[in-house]
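Participant: Turn this into a structure:
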Amino acid sequence: MPLEDFLNKFIGLGTLVIHIILGLMLISYIYHKSTKKKLPKFGSNIKNFLSENGILFAFLLVLGATIGSLIYSEVIGIPACDLCWYQRALIYPQVIILGVALLKKNKEIFDYVLGLNIVGIIIGGYQYVMQMIGYSGPCPVSGGINCFSKGVLEFGYITIPLMSLTVFVVVIVLTWMAKKDKHAEKIE
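Facilitator: Presented below is the predicted three-dimensional model:
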């Protein structure tokens, strides 16, 4: 299955890169808060860029996740379990919500997508942990498809639920940064 292999590698690599960026952002944030030092100009420029374009990147991320999930199930033919469907139900409406926010230039969208993303993190995190500990019991909400099999495993740790979990976390970070940018404009 060349399409499936390509998609797994492509999305897996993207997820790995996002994990590295999130790790660097967390380290930078902790360092900045603990030392009270200003970010270097390069770091400040990146922060401003992400703040100014956070809604666009969040929209593109959920759009890509939506398209990717549909390619997995409808083109490649990997059936989605119930937990995956719950995560999809939380990602799909964000395409519309973030799309409208992008068109209206509304940076206050964080409050509207936060709940969807927190629930998505809980479901995706649960499914990922159960996969990684090798749980082989039945899915608590499904009668058919095994929610805990590792159909995709890239770089030894990236599975479909982790990809989903990553999307939820990044959307929270990007919309929060965009909201903070909006508040900075009001103060100045």
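Participant: Pull the contacting residues for Cys147.
Facilitator: Cys147 is in contact with Cys81, Asp82, Leu83, Cys84, Gln127, Met130, Cys139, Val141, counting by CB atoms under 8 Å, 6 or more residues apart in numbering. For the C-beta atoms, the positions are set from N, CA and C on the backbone; glycine is no exception.
Participant: Just the buried residues of those residues.
Facilitator: Buried by 16 or more other CB atoms under 10 Å: Cys81, Asp82, Leu83, Cys84, Gln127, Met130, Cys139, out of the contacts of Cys147.
Participant: can you give me the helices for this protein?
Facilitator: With DSSP state H as the criterion, the chain has helices at 2-35, 41-70, 82-104, 110-132, 160-187.
Participant: Could you point out which residue ranges in the chain have low pLDDT?
Facilitator: Within the chain, the ranges that satisfy pLDDT under 70 run 1, 142-144, 182-188.
Participant: With adjacent residues omitted, what lies nearest to the residue positioned nearest the centre of it?
Facilitator: Nearest to the geometric centre of the chain sits Val167, at 0.7 Å (CA atoms, centre = their mean). Closest residue to Val167 apart from its sequence neighbours, by CB to CB, 6 or more residues apart in numbering: Ala65 at 4.7 Å.
Participant: burial count for the one you found?
Facilitator: By other CB atoms under 10 Å, the residues close to Ala65 number 24.
Participant: from memory it sits against Ser164, does it?
Facilitator: Yes. Counting by CB atoms under 8 Å, Ala65 touches Ser164, with 7.1 Å between them.
Participant: just the helices of the chain: most buried one?
Facilitator: Greatest average neighbour count among the helices of the chain goes to helix 160-187 (a mean of 20), per mean count of other CB atoms under 10 Å.
Participant: List the residues that contact Ser73.
Facilitator: Going by CB under 8 Å, 6+ apart, Ser73 touches Pro79, Ala80.
Participant: That one and Phe57: what is the separation?
Facilitator: Going from Ser73 to Phe57 by CB to CB, to the nearest Å gives 25 Å.
Participant: before we move on, what about Leu26?
Facilitator: Per CB to CB, Leu26 is found 18 Å from Phe57.
Participant: Likewise for Asn45?
Facilitator: According to CB to CB, Asn45 stands 16 Å off from Phe57.
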